[in-house]
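K.L.:
Mind folding the following:
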Amino acid sequence: MDTGTGARVLPDGSADVVWDDGAEFFVAGPDTGPVVRDLRPGSTVVGIRFRPGVAGVGLGLPASELRDMHVTLEDVWGERGKELAEALDGAAGATRRRRLLEEAVLRRLPEIDPPDPLVLGAIRRLGKPASRVGALSDSLFVSERHLRRIFREAVGYGPKTLDRVLRFRRFVSLGPAIVRGEEQLAGVAAQLGYADQAHLSREIASLSGLSPRRLVETW
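P.N.:
Residues are numbered from 1 along each chain as shown. The predicted structure is shown next:
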(Lines give C-alpha, C1' and ligand atoms only; values in the text may rest on other atoms or scores of the structure.)
Protein backbone atom coordinates (compact mmCIF):
# COMPACT_ATOMS: atom_id res chain seq x y z
CA MET A 1 0.00 0.00 0.00
CA ASP A 2 1.37 3.42 -0.97
CA THR A 3 1.19 5.61 2.16
CA GLY A 4 3.18 8.59 0.92
CA THR A 5 0.12 10.85 0.61
CA GLY A 6 -2.48 8.42 1.87
CA ALA A 7 -3.71 4.90 1.23
CA ARG A 8 -3.85 4.01 -2.45
CA VAL A 9 -6.75 1.62 -3.00
CA LEU A 10 -6.46 -0.38 -6.21
CA PRO A 11 -9.30 -1.95 -8.22
CA ASP A 12 -10.00 -5.59 -7.38
CA GLY A 13 -13.61 -6.15 -8.49
CA SER A 14 -14.91 -5.96 -4.93
CA ALA A 15 -17.17 -3.55 -3.08
CA ASP A 16 -16.63 -2.64 0.57
CA VAL A 17 -18.62 -1.38 3.53
CA VAL A 18 -16.17 0.61 5.68
CA TRP A 19 -16.42 2.20 9.12
CA ASP A 20 -13.54 4.63 9.75
CA ASP A 21 -13.47 5.44 13.48
CA GLY A 22 -16.84 7.18 13.29
CA ALA A 23 -15.54 9.80 10.85
CA GLU A 24 -17.00 7.93 7.86
CA PHE A 25 -19.31 4.98 7.31
CA PHE A 26 -19.55 4.30 3.60
CA VAL A 27 -19.86 1.90 0.71
CA ALA A 28 -16.98 1.98 -1.79
CA GLY A 29 -16.64 0.61 -5.26
CA PRO A 30 -16.38 -1.37 -7.38
CA ASP A 31 -13.65 0.89 -8.74
CA THR A 32 -12.18 1.05 -12.24
CA GLY A 33 -9.20 3.16 -11.20
CA PRO A 34 -7.12 4.05 -8.13
CA VAL A 35 -8.55 5.89 -5.15
CA VAL A 36 -6.28 7.63 -2.63
CA ARG A 37 -7.75 8.02 0.85
CA ASP A 38 -6.22 9.99 3.70
CA LEU A 39 -5.90 7.98 6.92
CA ARG A 40 -5.84 9.73 10.27
CA PRO A 41 -2.99 8.55 12.55
CA GLY A 42 -4.29 6.11 15.14
CA SER A 43 -7.68 5.65 13.46
CA THR A 44 -9.43 2.27 13.54
CA VAL A 45 -10.94 0.98 10.31
CA VAL A 46 -13.24 -2.05 10.10
CA GLY A 47 -15.18 -3.31 7.13
CA ILE A 48 -16.87 -6.03 5.11
CA ARG A 49 -15.76 -6.94 1.60
CA PHE A 50 -18.12 -8.25 -1.07
CA ARG A 51 -16.06 -10.28 -3.52
CA PRO A 52 -16.63 -9.99 -7.29
CA GLY A 53 -20.09 -11.20 -8.20
CA VAL A 54 -21.77 -10.80 -4.80
CA ALA A 55 -21.87 -7.01 -4.29
CA GLY A 56 -25.22 -6.62 -6.05
CA VAL A 57 -27.10 -9.23 -4.03
CA GLY A 58 -25.21 -8.46 -0.83
CA LEU A 59 -26.01 -4.76 -0.89
CA GLY A 60 -29.47 -5.08 -2.40
CA LEU A 61 -29.13 -3.01 -5.57
CA PRO A 62 -27.46 -3.29 -8.99
CA ALA A 63 -23.72 -3.05 -8.36
CA SER A 64 -23.44 -0.76 -11.41
CA GLU A 65 -25.13 1.98 -9.34
CA LEU A 66 -22.05 1.98 -7.08
CA ARG A 67 -19.38 1.85 -9.79
CA ASP A 68 -16.59 4.29 -8.89
CA MET A 69 -18.81 5.66 -6.10
CA HIS A 70 -18.23 6.43 -2.43
CA VAL A 71 -21.61 6.81 -0.66
CA THR A 72 -22.89 6.49 2.90
CA LEU A 73 -24.44 3.20 3.91
CA GLU A 74 -27.57 5.13 4.83
CA ASP A 75 -27.88 6.09 1.14
CA VAL A 76 -27.90 2.39 0.27
CA TRP A 77 -29.75 0.79 3.19
CA GLY A 78 -31.82 3.72 4.39
CA GLU A 79 -32.91 3.64 8.04
CA ARG A 80 -31.19 0.29 8.56
CA GLY A 81 -27.87 1.88 7.57
CA LYS A 82 -28.45 4.79 9.94
CA GLU A 83 -29.23 2.45 12.85
CA LEU A 84 -26.12 0.39 12.14
CA ALA A 85 -23.96 3.54 12.12
CA GLU A 86 -25.32 4.51 15.53
CA ALA A 87 -24.65 1.00 16.89
CA LEU A 88 -21.06 1.08 15.61
CA ASP A 89 -20.46 4.51 17.13
CA GLY A 90 -21.51 3.15 20.52
CA ALA A 91 -19.65 -0.16 20.30
CA ALA A 92 -16.48 -0.83 22.26
CA GLY A 93 -13.50 -1.96 20.20
CA ALA A 94 -12.79 -3.05 16.65
CA THR A 95 -13.76 -6.69 17.27
CA ARG A 96 -17.26 -5.76 18.43
CA ARG A 97 -17.71 -3.36 15.51
CA ARG A 98 -16.64 -5.99 13.03
CA ARG A 99 -19.11 -8.43 14.57
CA LEU A 100 -21.93 -5.89 14.27
CA LEU A 101 -21.14 -5.45 10.57
CA GLU A 102 -21.11 -9.20 9.99
CA GLU A 103 -24.40 -9.65 11.85
CA ALA A 104 -26.03 -6.89 9.78
CA VAL A 105 -25.07 -8.70 6.56
CA LEU A 106 -26.15 -12.10 7.89
CA ARG A 107 -29.57 -10.73 8.85
CA ARG A 108 -30.09 -9.79 5.21
CA LEU A 109 -29.51 -13.32 3.88
CA PRO A 110 -33.14 -14.50 4.14
CA GLU A 111 -34.21 -11.44 2.13
CA ILE A 112 -31.85 -11.83 -0.81
CA ASP A 113 -31.23 -14.25 -3.65
CA PRO A 114 -27.96 -16.21 -3.79
CA PRO A 115 -25.22 -15.00 -6.17
CA ASP A 116 -25.84 -15.85 -9.81
CA PRO A 117 -23.97 -19.13 -10.51
CA LEU A 118 -23.53 -18.09 -14.15
CA VAL A 119 -21.69 -14.95 -13.08
CA LEU A 120 -19.54 -16.86 -10.58
CA GLY A 121 -18.69 -19.46 -13.23
CA ALA A 122 -17.71 -16.75 -15.70
CA ILE A 123 -15.54 -14.96 -13.12
CA ARG A 124 -13.49 -18.12 -12.59
CA ARG A 125 -12.53 -18.02 -16.28
CA LEU A 126 -11.42 -14.39 -16.38
CA GLY A 127 -8.09 -12.69 -15.78
CA LYS A 128 -6.04 -15.64 -17.03
CA PRO A 129 -3.61 -15.73 -19.97
CA ALA A 130 -5.94 -17.86 -22.08
CA SER A 131 -9.15 -16.01 -21.18
CA ARG A 132 -11.01 -14.62 -24.17
CA VAL A 133 -13.93 -12.43 -23.20
CA GLY A 134 -15.36 -12.57 -26.72
CA ALA A 135 -15.77 -16.35 -26.48
CA LEU A 136 -17.02 -16.37 -22.89
CA SER A 137 -20.72 -16.09 -23.69
CA ASP A 138 -20.52 -18.95 -26.20
CA SER A 139 -18.81 -21.21 -23.67
CA LEU A 140 -21.56 -20.44 -21.14
CA PHE A 141 -24.35 -20.80 -23.72
CA VAL A 142 -25.75 -17.30 -23.25
CA SER A 143 -25.79 -14.17 -25.40
CA GLU A 144 -23.15 -11.46 -24.97
CA ARG A 145 -25.92 -8.97 -24.18
CA HIS A 146 -27.29 -11.16 -21.39
CA LEU A 147 -23.83 -11.75 -19.94
CA ARG A 148 -23.05 -8.02 -19.87
CA ARG A 149 -26.39 -7.28 -18.19
CA ILE A 150 -26.02 -9.79 -15.37
CA PHE A 151 -22.39 -8.75 -14.86
CA ARG A 152 -23.36 -5.09 -14.47
CA GLU A 153 -25.95 -6.05 -11.87
CA ALA A 154 -23.72 -8.45 -9.92
CA VAL A 155 -20.21 -7.04 -10.39
CA GLY A 156 -20.76 -3.40 -11.36
CA TYR A 157 -19.30 -3.54 -14.87
CA GLY A 158 -18.97 -5.93 -17.78
CA PRO A 159 -16.79 -9.04 -18.10
CA LYS A 160 -14.18 -7.23 -20.22
CA THR A 161 -13.49 -4.73 -17.44
CA LEU A 162 -13.36 -7.45 -14.79
CA ASP A 163 -10.94 -9.42 -16.96
CA ARG A 164 -8.64 -6.38 -17.01
CA VAL A 165 -8.95 -5.91 -13.26
CA LEU A 166 -8.26 -9.55 -12.38
CA ARG A 167 -5.25 -9.67 -14.72
CA PHE A 168 -4.01 -6.49 -13.06
CA ARG A 169 -4.35 -8.08 -9.60
CA ARG A 170 -2.26 -11.02 -10.78
CA PHE A 171 0.42 -8.52 -11.77
CA VAL A 172 0.25 -6.95 -8.30
CA SER A 173 0.70 -10.38 -6.70
CA LEU A 174 3.97 -10.77 -8.64
CA GLY A 175 5.28 -7.43 -7.33
CA PRO A 176 7.63 -8.87 -4.67
CA ALA A 177 9.27 -11.20 -7.21
CA ILE A 178 9.76 -8.30 -9.63
CA VAL A 179 11.35 -6.17 -6.91
CA ARG A 180 13.71 -9.03 -5.99
CA GLY A 181 14.74 -9.36 -9.66
CA GLU A 182 13.26 -12.84 -9.98
CA GLU A 183 10.82 -11.69 -12.67
CA GLN A 184 11.27 -9.20 -15.53
CA LEU A 185 8.45 -7.02 -16.84
CA ALA A 186 8.65 -8.42 -20.38
CA GLY A 187 8.40 -11.96 -19.07
CA VAL A 188 5.56 -11.05 -16.72
CA ALA A 189 3.65 -9.46 -19.60
CA ALA A 190 3.85 -12.70 -21.58
CA GLN A 191 3.09 -14.82 -18.52
CA LEU A 192 -0.11 -12.88 -17.74
CA GLY A 193 -1.36 -12.72 -21.32
CA TYR A 194 -0.66 -9.07 -22.20
CA ALA A 195 0.17 -8.42 -25.85
CA ASP A 196 3.61 -7.04 -24.89
CA GLN A 197 5.34 -4.98 -22.22
CA ALA A 198 3.93 -1.72 -23.60
CA HIS A 199 0.40 -3.14 -23.28
CA LEU A 200 1.14 -4.13 -19.67
CA SER A 201 2.45 -0.63 -18.90
CA ARG A 202 -0.66 1.04 -20.31
CA GLU A 203 -2.97 -1.21 -18.33
CA ILE A 204 -1.07 -0.76 -15.07
CA ALA A 205 -1.04 3.02 -15.49
CA SER A 206 -4.77 3.05 -16.24
CA LEU A 207 -5.72 0.92 -13.23
CA SER A 208 -3.23 2.18 -10.64
CA GLY A 209 -2.13 5.65 -11.76
CA LEU A 210 1.49 4.47 -11.55
CA SER A 211 4.06 2.89 -13.83
CA PRO A 212 4.58 -0.86 -13.31
CA ARG A 213 7.97 -0.29 -11.69
CA ARG A 214 6.69 2.47 -9.41
CA LEU A 215 3.72 0.34 -8.37
CA VAL A 216 5.73 -2.72 -7.36
CA GLU A 217 8.29 -0.58 -5.52
CA THR A 218 5.71 1.29 -3.42
CA TRP A 219 2.98 -1.26 -2.91
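K.L.:
just checking, next helix/strand downstream of the helix or strand hosting G134?
P.N.:
Using DSSP states H and E, G134 maps to helix 133-140. Sequence-wise, the next helix or strand downstream of helix 133-140 (DSSP H and E) is helix 144-154.
K.L.:
tell me what the helix or strand just after that next one is packed against?
P.N.:
Downstream of helix 144-154, the next assigned helix or strand under DSSP H and E is helix 159-173. Here helix 159-173 touches helix 117-123, helix 133-140, helix 144-154, helix 185-192, helix 197-208, helix 212-218, going by 3 or more CB pairs under 8 Å, 6 or more residues apart in numbering; DSSP states H and E. C-beta here means a position set from N, CA and C on the backbone, and glycine is covered the same way.
K.L.:
How far off centre is the fourth one?
P.N.:
Pointing back at helix 185-192 there. 23 Å (CA atoms, centre = their mean, to the nearest Å).
K.L.:
before we move on, back to that, buried set for the helix holding G134?
P.N.:
V133, L136, S137 (16 or more other CB atoms under 10 Å).
K.L.:
now those in a markdown table, with distance to G60?
P.N.:
Shown next, in a markdown table, are those (distance: CB to CB, whole Å):
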| residue | distance to G60 |
| --- | --- |
| V133 | 28 |
| L136 | 27 |
| S137 | 27 |
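K.L.:
Point out where this protein drops to low pLDDT.
P.N.:
1-6, 22 (pLDDT under 70).
K.L.:
Now do the domain split for it, please.
P.N.:
Partitioning the chain according to automatic domain parsing yields domains covering residues 7-111, 117-218.
K.L.:
end-to-end on the last one?
P.N.:
Using CA to CA, to the nearest Å, the gap from the first to the last residue of domain 117-218 comes to 37 Å.
K.L.:
And the helix holding G134, what does it pack against?
P.N.:
Counting by 3+ CB pairs under 8 Å, 6+ apart, helix 133-140 packs on helix 117-123, helix 144-154, helix 159-173.
K.L.:
who wins for proximity to R107 among the ones you listed?
P.N.:
Counting by CB to CB, R107 lies closest to helix 144-154 out of these; the figure is 21.1 Å.
K.L.:
buried stuff in that closest one?
P.N.:
For helix 144-154, by 16+ other CB under 10 Å, it's L147, I150, F151, R152, E153, A154.
K.L.:
And the second one, how far from G127?
P.N.:
Same thing as I150. 18 Å (CB to CB, to the nearest Å).
K.L.:
likewise the first one?
P.N.:
Between L147 and G127 the computed distance is 16 Å (CB to CB).
K.L.:
which other residues reach stretch 149-159?
P.N.:
13, 15, 29-30, 32, 52-57, 62-64, 66-67, 115-116, 118-119, 122-123, 126, 133, 136, 147-148, 162 (CB atoms under 8 Å, 6 or more residues apart in numbering).
K.L.:
Pull out the buried residues from those residues.
P.N.:
The buried subset of the contacts of stretch 149-159 (16+ other CB under 10 Å) comprises 13, 15, 29-30, 32, 52-57, 62-64, 66-67, 115-116, 118-119, 122-123, 126, 133, 136, 147, 162.
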